[in-house]
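In: Got a predicted structure plus its sequence, pasted below:
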Amino acid sequence: MNERSSIGKLKGIGEKTEALFARIGVRTIGELLRFYPRGYDIFEEPVPISELEEGKISAVTGVVSGRIQVSGNQRIPITTLFLKDSGGTLKVIWFRMPFLRGTLGKGGTITLRGRVVRRRDSLVMEHPEIYYPASKYDEKLHSMQPVYSLTAGLTNNTVIRAVKQALSSVGTTEDILPHEVENQYGLLQWEQALGEMHFPKSREAFARARERIVFEEFLVFILTLRMTKHSEARAETPFSLPDHPLINTFLDQLPYRLTKAQEKVWHEIRSDMQGKTVMSRLVQGDVGSGKTVVAFLALLLAGLNGCQGALMAPTEVLARQHYENISGMLDKYSIPLKAVLLTGSMTAAQKKEVYGMIREGRAAVIIGTHALIQEKVDYNNLALVVTDEQHRFGVRQREALAGKGHTPHILVMSATPIPRTLAIILYGDLDISVIDEMPKNRLPIKNCVVDTGYRETAYRFMKKQVAEGRQCYVICPMVEESESMEAENVLDYSASLSEAMGSQIRVGCLHGRMKQQEKDEVMDSFSRNEIQILVSTTVVEVGIDVPNATVILIENAERFGLAQLHQLRGRVGRGKYQSYCIFMSPSRSKETKERLEILNRSNDGFFIAGEDLRLRGPGDLFGIRQSGILNFQVADIFQDAKLLQAAGSAADMILSADPELKSPEHAGLKKWIDSKMNQIMLETTL
Ligand code: ADP
Ligand code: MG
């Protein structure tokens, strides 16, 4: 058995279980081993009853006070007891376990561990695990049980058993990090890290395992990036593009003036494009800072110099939005350039016409999706390539578009609020410009943090906004178990929301399970205000600019990272109307309040990212979340900033000794990177 074997080879995994695993993306032993827990159940020290917190799982130790009661009906008997410690008494109940009256009635100290909920204004522990006598709990104390993301029908225990078996039967798993690197950075070896990641013996062991896995993730990412880069030195450019008077005509006619920050960044771009070497620049700017118009200026400069400029967006909706925006402006401001749109869902005849216009150079500004890098597209004189929301694209996709021209200038736009030092590592080959200021005419978004009791009120508020002609987003409760459950969740939610809103208001929905084309259709109807309320998971696309949307209601806000909440909130507050963001959460815990309060106070992405990191604290991550940003499995560029830097220097060291990773000790790394690149290529050609 090896990492490539099917998990069906494991004992106890039949066809049915295999199919369940397939639903969560686990088919081989290797994939199972890399299916890390999403968090851990930690057996903490028992707490005094007087210090119990609602909603939390805690352990308490005490003695039974008074009689143990069994009530309820025959089918569901309820056992109730009162547990007493030196400072207080706690009501505890179990369902369907009447025999407990006998077992627990004998006296002595008991430890109970379970969730504490509020029932009629007092705290109750429901259906806890029992450790009797209390010393039994000591054996478990401080241990960590993995909790996996599941799908309906697959239990946590099944996954635990499978992982245990896989760990013990695969023998040596492939360690792709060179020993040299492991030694120098004091990292655990792969096999040990894997074992401790799934079944950590302590928090420290977990932290060490995670560190090793994060390091590897970063290293592979950085190496992949560096390996696709053509050469160290900036190539000379055949496109040295001087200023053009119509640029100022364009600027004069814009309905607003550029902010100082936009102006500064535009100057940097312009002088790059006039220079002798190829531009390679990243423009970073918070959601809504106005990156698009800067990209448009660069496209115009290319076009006005008789060349072509292309802009690639990650989704059709966003591409169409950009296209309509820029062609409208060209028209209105009488700038004699032709813009075209190219996306996958256009008909063959439409595409053919656009291909012709691109080939013959009649189209100067070309906006599209991946369709722009398809083989059939033959550019006439491509001088500039812009990618919007760069983190959504693989490195290869960016390269593929650049490869369409003869070393065109490259501009990438990103809203990911990462510190400059990290950006330099992540985008080592790019110069960086930052738009660090918001347009002045904006009404700041009004935020509120509320509990679920406010939902009806929120609905009424949304109804009122819709009556005034506005639109709303609802980000649906996130179900972590699986994508299919998430889909069900969104569907259920929008059905009941639709009912609550009445027949006059159209509610649409969007989730990860839908095909891209379906998503685009829904987003399209939303941007045309044919749908007034859009219920969505976080697939609500980045970059979408529907200035008419003024409310975003985020359910279960406590489950999202702050940076992600900030991105979501960025969908509103983009126009002249007052906008509102409602963070809804059932949790009354202090931590949740404090976290959400940061968003309540600030609309600044950089500040929020920093606060997020401060609050979570570098050593305190016992739930492993999908970071969303740059799609690392475990790593988090904020929290793991130090490791990112270390991986960056390790990558430099490796490449300076062995630029093409040809030496035997780099074979594992090379193989892994190649398979990653294939994956990216596959995604590109799909
Ligand atoms: P992002 O940086 O998130 O891509 P956009 O470029 O989509 O932001 O800009 C958001 C909105 O702000 C757009 O509707 C755009 O027309 C508007 N906008 C851009 N620059 C300015 C400015 N200097 N003053 C006022 N509004 C602006
Ligand atoms: Mg944008």
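Out: Perfect, thanks for sending it. Ligands and ions are numbered 1, 2, ... in the order given.
In: Around ligand 1, pick out the residues from the stretch 351-500 of the chain.
Out: 415, 439, 441 (C-beta under 6 Å from any ligand atom). Where you see a C-beta, it was placed from the backbone N, CA and C, and this is true even at glycine.
In: For the first one, grab phi and psi.
Out: Which is residue 415. Note on residue 415: its backbone torsions stand at phi -100, psi 0 [degrees, to the nearest 10].
In: Please apply the same query to residue 644.
Out: Backbone torsions of residue 644, given as degrees, to the nearest 10, read phi -60, psi -40.
In: Distance check, the nearest residue to residue 28 once chain neighbours are set aside against ligand 1.
Out: Nearest residue to residue 28, sequence neighbours excluded (C-beta to C-beta, 6 or more residues apart in numbering): residue 4, at 5.6 Å. Distance, residue 4 to ligand 1, by C-beta to the nearest ligand atom, to the nearest Å: 43 Å.
In: Ramachandran coordinates for residue 4?
Out: Main-chain torsions, residue 4, degrees, to the nearest 10: phi -90, psi -10.
In: Kindly tell me how buried it is, as a neighbour count.
Out: By other C-beta atoms under 10 Å, 10 other residues sit near residue 4.
In: quick one, what contacts it?
Out: Contact analysis of residue 4 by C-beta atoms under 8 Å, 6 or more residues apart in numbering lists 28-30.
In: from these, which is closest to residue 535?
Out: Taking C-beta to C-beta as the measure, residue 28 is the one of the contacts of residue 4 closest to residue 535, at 35.6 Å.
In: Show the pLDDT at the closest one.
Out: Looking at residue 28, its pLDDT is 92.
In: what do you get for residue 230?
Out: Looking at residue 230, the pLDDT reads 48.
In: So for stretch 334-348, what gets flagged as buried?
Out: 335, 337, 339-344, 346 (16 or more other C-beta atoms under 10 Å).
In: typed the wrong thing, it's stretch 351-365
Out: Judged by neighbour count using 16+ other C-beta under 10 Å, the buried positions of stretch 351-365 are 351, 354-355, 357-358, 363-365.
In: Make JSON lines out of these and add secondary structure, distance to residue 219 and pLDDT.
Out: Formatted as JSON lines, these follow (DSSP: H, G, I helix; E, B strand; the rest coil; distance: C-beta to C-beta, whole Å; pLDDT from 0 to 100):
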{"residue": "351", "secondary structure": "helix", "distance to residue 219": "40", "pLDDT": "94"}
{"residue": "354", "secondary structure": "helix", "distance to residue 219": "41", "pLDDT": "96"}
{"residue": "355", "secondary structure": "helix", "distance to residue 219": "41", "pLDDT": "96"}
{"residue": "357", "secondary structure": "helix", "distance to residue 219": "44", "pLDDT": "97"}
{"residue": "358", "secondary structure": "helix", "distance to residue 219": "39", "pLDDT": "96"}
{"residue": "363", "secondary structure": "coil", "distance to residue 219": "41", "pLDDT": "97"}
{"residue": "364", "secondary structure": "coil", "distance to residue 219": "42", "pLDDT": "97"}
{"residue": "365", "secondary structure": "strand", "distance to residue 219": "39", "pLDDT": "98"}
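In: And these, which two are furthest apart?
Out: Maximum distance among the buried residues of stretch 351-365 (C-beta to C-beta): 18.4 Å, for 351 and 364.
In: which residues in the stretch 401-550 of the chain form strands?
Out: Remark: strands assigned in the stretch 401-550 of the chain by DSSP state E, counting those that start in this stretch are 409-414, 431-435, 446-450, 471-475, 507-510, 533-536, 549-554.
In: got a pLDDT number for residue 119?
Out: Residue 119 is assigned 85 on the pLDDT scale.
In: do the one 5 residues further on as well
Out: pLDDT recorded at residue 124 is 94.
In: so it is in which element?
Out: Using DSSP states H and E, residue 124 falls within strand 122-131.
In: Just the buried residues of the helix or strand following that strand, please?
Out: Remark: after strand 122-131, the chain's next helix or strand is helix 135-140, criterion DSSP H and E. By neighbour count on 16+ other C-beta under 10 Å, the buried set for helix 135-140 is residue 137.
In: who does helix 135-140 touch, helix- and strand-wise?
Out: Judged by 3 or more C-beta pairs under 8 Å, 6 or more residues apart in numbering; DSSP states H and E, helix 135-140 is in contact with strand 110-119.
In: Residues in a beta bridge with the nearest residue to residue 497 once chain neighbours are set aside, which ones?
Out: Nearest non-adjacent residue to residue 497, counting by C-beta to C-beta, 6+ apart: residue 507, 5.5 Å away. Bridge pairing for residue 507 (DSSP bridges) gives the partners residue 533.
In: Excluding sequence neighbours, find me the nearest residue to residue 599.
Out: Excluding the flanking residues, the one nearest residue 599 by C-beta to C-beta, 6+ apart is residue 565, at 5.7 Å.
In: hang on, the earlier thing: pick out the most distant pair among the buried residues of stretch 334-348.
Out: 335 and 344 (28.1 Å).
In: Tabulate the strands of the stretch 401-550 of the chain (TSV), appending mean neighbour count and mean pLDDT.
Out: Shown next, in TSV, are those (neighbours: other C-beta atoms under 10 Å; pLDDT from 0 to 100):
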stretch	mean neighbour count	mean pLDDT
strand 409-414	25	89
strand 431-435	19	89
strand 446-450	16	92
strand 471-475	25	95
strand 507-510	22	92
strand 533-536	27	94
strand 549-554	26	96
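In: Generate a markdown table for these, with distance to residue 98 as supplementary columns.
Out: A markdown table is the format used below for the strands of the stretch 401-550 of the chain (distance: least, C-beta to C-beta, whole Å):
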| stretch | distance to residue 98 |
| --- | --- |
| strand 409-414 | 60 |
| strand 431-435 | 66 |
| strand 446-450 | 41 |
| strand 471-475 | 43 |
| strand 507-510 | 44 |
| strand 533-536 | 43 |
| strand 549-554 | 43 |
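In: low-scoring stretches of this structure, by residue?
Out: For the chain, applying pLDDT under 70 flags the ranges 172-173, 228-233, 390-402, 405, 417-418, 428, 478-487, 539-543, 612-631, 677-686.
In: Who are the contact partners of residue 81?
Out: So residue 81 contacts 64-66, 68-69, 91-92, 100, 104 (C-beta under 8 Å, 6+ apart).
In: mind putting the residues you listed in a markdown table, secondary structure included?
Out: Listed next are those as a markdown table, based on DSSP: H, G, I helix; E, B strand; the rest coil:
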| residue | secondary structure |
| --- | --- |
| 64 | strand |
| 65 | strand |
| 66 | strand |
| 68 | strand |
| 69 | strand |
| 91 | strand |
| 92 | strand |
| 100 | helix |
| 104 | helix |
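In: Could I get those residues in a markdown table, plus columns for distance to residue 11 and neighbour count?
Out: Shown next, in a markdown table, are those (distance: C-beta to C-beta, whole Å; neighbours: other C-beta atoms under 10 Å):
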| residue | distance to residue 11 | neighbour count |
| --- | --- | --- |
| 64 | 42 | 18 |
| 65 | 47 | 13 |
| 66 | 48 | 9 |
| 68 | 41 | 18 |
| 69 | 44 | 13 |
| 91 | 43 | 14 |
| 92 | 38 | 25 |
| 100 | 34 | 18 |
| 104 | 37 | 21 |
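In: Out of the residues you listed, which is nearest to residue 382?
Out: Ranked by distance to residue 382 (C-beta to C-beta), the contacts of residue 81 are led by residue 92 at 70.6 Å.
In: For the closest one, list the residues it contacts.
Out: So residue 92 contacts 80-83, 112, 114, 124-126, 128 (C-beta under 8 Å, 6+ apart).
In: same thing but at 6 Å, please
Out: By C-beta atoms under 6 Å, 6 or more residues apart in numbering, residue 92 lies in contact with 81, 83, 125.
In: swap in residue 178?
Out: residue 665 are the contacts of residue 178 under C-beta under 6 Å, 6+ apart.
In: Alright, I will stop here.
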